[in-house]
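K.L.:
Here is the input, now give the coordinates:
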Amino acid sequence: MIEGLAAIYIFLLAGFTGFEIISRVPVILHTPLMSGSNFVHGIVLVGAMFALGIAETTTEQIIGFIAVLLGAGNAVGGYVVTERMLEMFKSSKKSAPAKSEDA
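P.N.:
Numbering: from 1, shown residues only. The predicted structure follows:
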């Protein structure tokens, strides 16, 4: 019982700390931060697959499967958001064709 409460406490503390840190990041650093977080989400996904692989009971398998789904969705979503953010920095001006002076 106490171990479960300690795990919930650590989870809530990590969530609050993460929110406070991310909310103070300047806008210009969001793209590099997203790239780093995508790497972390990949590690979380590998951990979820490992946990699913060693699950023995049906409940553990269901929780592991949900963890893999959420981890994969989080990683893919992070890459999609990063790609959209990088699209904003690309130049929208198309170069004009060079005019020939012979005509």
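
K.L.:
Now do the helix or strand bottoming out on mean pLDDT in the chain: which elements does it pack against?
P.N.:
Sorted by mean pLDDT, DSSP states H and E, the helices and strands of the chain end with helix 30-54, the least confident at a mean of 80. Where contact means 3 or more C-beta pairs under 8 Å, 6 or more residues apart in numbering; DSSP states H and E, helix 30-54 is packed against helix 58-89. All C-beta atoms are positioned from the backbone trio N, CA, C, and that covers glycine.

K.L.:
Buried residues in the least confident helix or strand of the chain, which are they?
P.N.:
Buried positions in helix 30-54, judged by neighbour count with 16 or more other C-beta atoms under 10 Å: 34, 37-38, 41-42, 44-45, 48, 52.

K.L.:
what's next to that helix, contact-wise?
P.N.:
With contacts defined as C-beta atoms under 8 Å, 6 or more residues apart in numbering, helix 30-54 is touched by 22, 25, 60-61, 64-65, 67-68, 70-72, 74-75, 78-79, 81-82, 85-86.
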